[in-house]
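Engineer: starting from these lines, generate the structure:
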Amino acid sequence: MKIGRLFPDLLATLGRAASPEVGFARTLTRLVTLSGATAGGLCFAPARGAPIVVTAGTRRGSPLDLWLRERLAEPARGIRLGTPRTPPPGRPSARPTLLRASLGDGKRPLGRFVLLGRGGRQGLGPDTLPGGFPREFGLAMEQVWRLHQRTLRLKVINIQNARLFEESQRRARETRALLEAGRVVSQSLDVDETIRVILQQAREVLGCRSCGILTLDEATGELTSVASLDLDPESLGRIRLRMGEGVTGLAVKERRPVQSEDLDADPRVRFAQLPAQSGLRSMLATPLVVGDRAIGALTLLRGDVHRFTPEEEALASAFADQAAMALERARLFSSVRTYSERLEAMVAQRTRQLDEQKRFVEVVLETLPLGLYVLDRDLRVVSANREGATALGQAPAPHSAFVDLVPPGAAPAVRAFLAGALDAARARQSEQEMTVGAEARTLRLSAAPLRAPDGHVTHAILLIEDITLQKRMERQMLLAERLSTAGRLVAGVAHELNNPLATIAGCAEALRERARAPDLLALPGFKDFPDYLAVIEEEAYRCKEFTGSLLQFVRDPGSGRVPTELNGLVEKALELLGHQARFAGSRMTAELHPALPAVVANEGQLRQVFLGLAANALEAMEGRGTLTVRTRRRPHDEVEVEFADEGPGIPEHVLPRVFDPFFTTKPPGQGTGLGLAIAQGIVADHGGRIEVASRAGAGASFRVILPVAAGGPPA
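Structural biologist: Numbering: from 1, shown residues only. Sure, this is the predicted structure:
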């Protein structure tokens, strides 16, 4: 069989093995099978390292295995095919065929291999192996071997790195433990907590089962156990050692670490029953040294027979130094504790008094219904209360200029006012009108100077009071008085006009009846008189109807409620508005439901609502649109009167405030801001509601919704 065509298959077998030896053995077995041989051997000799010898077709240690290994030891060059000089064991008398081949090339031999079989067309022959097969096969084996060696080296490096990492982790744990102990020593004044943390850290990094602290009583010369992670207080009280007694006493006396590898066999152990009961076997005692004297010892105990290394002794000494520092700090702290406690009590009492005074002042300033600012000589904000930020619409930044908080239009006047108060060194007051948050406000500013002990003015206190509502109420009271006076005047004029109008209408009617006489009708110049008299009569009655409606409007509507036809009320309102000169060019249309049920209402109050909503719509359109008033039935026994205009609409940020009292978007003097608020109150009193919908540039729609059978709350 041609091996050359199956060379990739051999290489795949060679590369899949876990080690070169296994890969070489499997590849040789595959080669024996493919070549038709009965057995084979292979020796790979790398440049550095021991040769690798494998056989196939026999078991290891058999005579045939040994015979193949001897043939591999014989020199070979290239590919040789022939009969072996020494016949293989256990073979028939027919002469077998042996194929020899060297691996690699002449410059760099990599080993050799042999194939044992029979010759002939179905056995080993000159064309069994192609000429370049031994060289390529040897190079592939070398590559596998080198890859394996590189893998082994990487494993060794990884093991070394793991050991180094483990060592660094151990040192890091030790460092963290010492840092934690040092942190507690430097930050905590609780000596019990500090000692507990030191013992826990020492036990963790040194792998001990028990840790304890003994301190030296200089008066008695005895070491007393004061702290332990596992001994109960009763056992702690029984442990007392003299200087030089036991392992711990010896460590304190000689001021060096002393250890016992096996406490059970150590005659120096003073309290042998304690380690025997707890199963502790080895111990390390490290003295606590402060300056040139020992003040105690740190004891570390393990549950096995163990000799502590110099590194462990050094680490234990570091923890002992931390414990000694903590105990010394506790001693120094105890010596001044009494004085510190008295001083602390005095400071705490004075602090409480100052805090109470400070809180009282802060509460007064924060609850003060006036804005308060403290300004320096440069008019910069030193402090301000919450109401001060509300009054000006923005919170001041620390040390910001006060005039930067004021609208630019009012800044020069405010600056001059404050500078004048500081220069004159006396209190002043001023009223300023400014726009805060897109709303016109009137603020009363009161400035008073603050003097230093030497008499110089260093600061100023500024009080800000929002008197917008007060000023608006004053103007509205004046306007209401004027409107009331005008209403009484209009009522008087309308009443006085009624009589002349009635006389004119009556005379016109009488003259028109007389003009029907045949002798007058026959006169050529008299034929137009009846028509003129009819016009005079009609216009006189029309004027009388208008004055009657005006008198009805200004008359107190009272509180009585009766069934009211909303369609008729709408028509009367539109008719009354149509007679006003300011709405002469406006277009009004009514779309009234023909079968609209009556509602129980106060006609005068609803007429006031309809006139106000319609007038607002007409004023918003300024004669450039159509006011459409619709009436319709709604579900749940409700009726609706809608006033829809084609004006500019209501901005989105203004829409939620349209019903707020005294809120208006009209210029000062042209609106009170009470119309919609009063209308909403009237409709709500009738058990209904007013809904508004608007979009910028698309007009506005106010819908008055009333219950059919409602007349407000029950009597």
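Engineer: okay, domains of the protein per the record?
Structural biologist: 4-152, 188-335, 368-466, 473-550, 560-707 (automatic domain parsing).
Engineer: how about a markdown table for those, with distance to Asn158 added?
Structural biologist: Where C-beta positions appear, they are placed from N, C-alpha and C, glycine not excepted. Formatted as a markdown table, the domains of the chain follow (distance: least, CB to CB, whole Å):
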| stretch | distance to Asn158 |
| --- | --- |
| domain 4-152 | 10 |
| domain 188-335 | 25 |
| domain 368-466 | 60 |
| domain 473-550 | 89 |
| domain 560-707 | 69 |
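Engineer: show me which strand runs longest in this protein.
Structural biologist: In the chain, taking DSSP state E as the definition, the longest strand is strand 439-451.
Engineer: make a markdown table out of the domains of the chain and add mean pLDDT and distance to Lys358.
Structural biologist: As requested, those are arranged in a markdown table below (pLDDT from 0 to 100; distance: least, CB to CB, whole Å):
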| stretch | mean pLDDT | distance to Lys358 |
| --- | --- | --- |
| domain 4-152 | 81 | 75 |
| domain 188-335 | 79 | 28 |
| domain 368-466 | 78 | 13 |
| domain 473-550 | 68 | 38 |
| domain 560-707 | 83 | 38 |
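Engineer: give me the three-state assignment for Ile464.
Structural biologist: Secondary structure, DSSP: H, G, I helix; E, B strand; the rest coil: Ile464 is strand.
Engineer: burial count for the spatially closest residue to it that is not a sequence neighbour?
Structural biologist: Once flanking residues are discounted, Ile464 sits nearest to Gly371: 3.5 Å by CB to CB, 6 or more residues apart in numbering. Counted with other CB atoms under 10 Å, residues neighbouring Gly371 total 21.
Engineer: surely Gly371 touches Ala384?
Structural biologist: Yes - using CB atoms under 8 Å, Gly371 is in contact with Ala384, at 7.5 Å.
Engineer: quick check: which element contains the one residue sitting closest to the centre of the chain?
Structural biologist: Residue closest to the average C-alpha location in the chain (CA atoms, centre = their mean): Ala395, at 24.1 Å. Ala395 is part of no helix or strand when elements are defined by DSSP states H and E.
Engineer: where does it fall, phi/psi-wise?
Structural biologist: phi -80, psi 140 (degrees, to the nearest 10).
Engineer: what of the one 4 residues further on?
Structural biologist: Main-chain torsions, His399, degrees, to the nearest 10: phi 60, psi 30.
Engineer: again with Gly78
Structural biologist: phi 70, psi -150.
Engineer: contacts only, for it.
Structural biologist: Under the criterion of CB atoms under 8 Å, 6 or more residues apart in numbering, the contact partners of Gly78 comprise Ala101, Ser102, Pro134.
Engineer: again, 10 Å this time
Structural biologist: Arg100, Ala101, Ser102, Asp105, Gly106, Gly131, Pro134, Arg135 (CB atoms under 10 Å, 6 or more residues apart in numbering).
Engineer: the residue nearest to Gly125 when sequence neighbours are not counted and Leu129, how far apart?
Structural biologist: Leaving aside its sequence neighbours, Gly125 sits nearest to Gly119 (CB to CB, 6+ apart; 6.7 Å). Distance, Gly119 to Leu129, using CB to CB, to the nearest Å: 14 Å.
Engineer: okay, the two: which has more neighbours?
Structural biologist: Leu129 (22 against 17).
Engineer: quick check: the more buried one touching Val114?
Structural biologist: No - using CB atoms under 10 Å, Leu129 makes no contact with Val114, being 11.7 Å away.
Engineer: mutual contacts of the two, please.
Structural biologist: Leu99, Ala101.
Engineer: end-to-end on stretch 74-87?
Structural biologist: Its first and final residues considered, stretch 74-87 spans 15 Å by CA to CA, to the nearest Å.
Engineer: stretch 64-80 too?
Structural biologist: End-to-end for stretch 64-80, by CA to CA: 20 Å.
Engineer: stretch 580-600 now?
Structural biologist: 29 Å.
Engineer: next one: stretch 577-586
Structural biologist: End-to-end distance (CA to CA), stretch 577-586: 10 Å.
Engineer: how far off centre is it?
Structural biologist: Centroid displacement of stretch 577-586 relative to its chain, using CA atoms, centre = their mean, to the nearest Å, is 59 Å.
Engineer: could you do stretch 650-662 as well?
Structural biologist: Distance, centroid of stretch 650-662 to centroid of chain: 34 Å (CA atoms, centre = their mean).
Engineer: how much space between Ser383 and Gln349?
Structural biologist: Computed as CB to CB, the Ser383 to Gln349 distance reads 27 Å.
Engineer: please apply the same query to Glu465.
Structural biologist: 39 Å.
Engineer: and if you look at Arg582?
Structural biologist: Look at Arg582 and Gln349: by CB to CB, they are 75 Å apart.
Engineer: quick one: Gln36 from Asp127, how far?
Structural biologist: Slight slip there: residue 36 is Gly, not Gln. 12 Å.
Engineer: next, give phi and psi for His211.
Structural biologist: Rather than His, residue 211 is Cys. According to degrees, to the nearest 10, Cys211 has phi -140, psi 150.
Engineer: count of neighbours near the closest residue to it other than its chain neighbours?
Structural biologist: In this structure, Cys211 finds its nearest non-sequential neighbour in Leu199, 4.1 Å apart by CB to CB, 6+ apart. Leu199 sits with 25 neighbouring residues when counted by other CB under 10 Å.
Engineer: wait, isn't Glu537 in contact with Cys507?
Structural biologist: Yes - counting by CB under 10 Å, Glu537 touches Cys507, with 8.9 Å between them.
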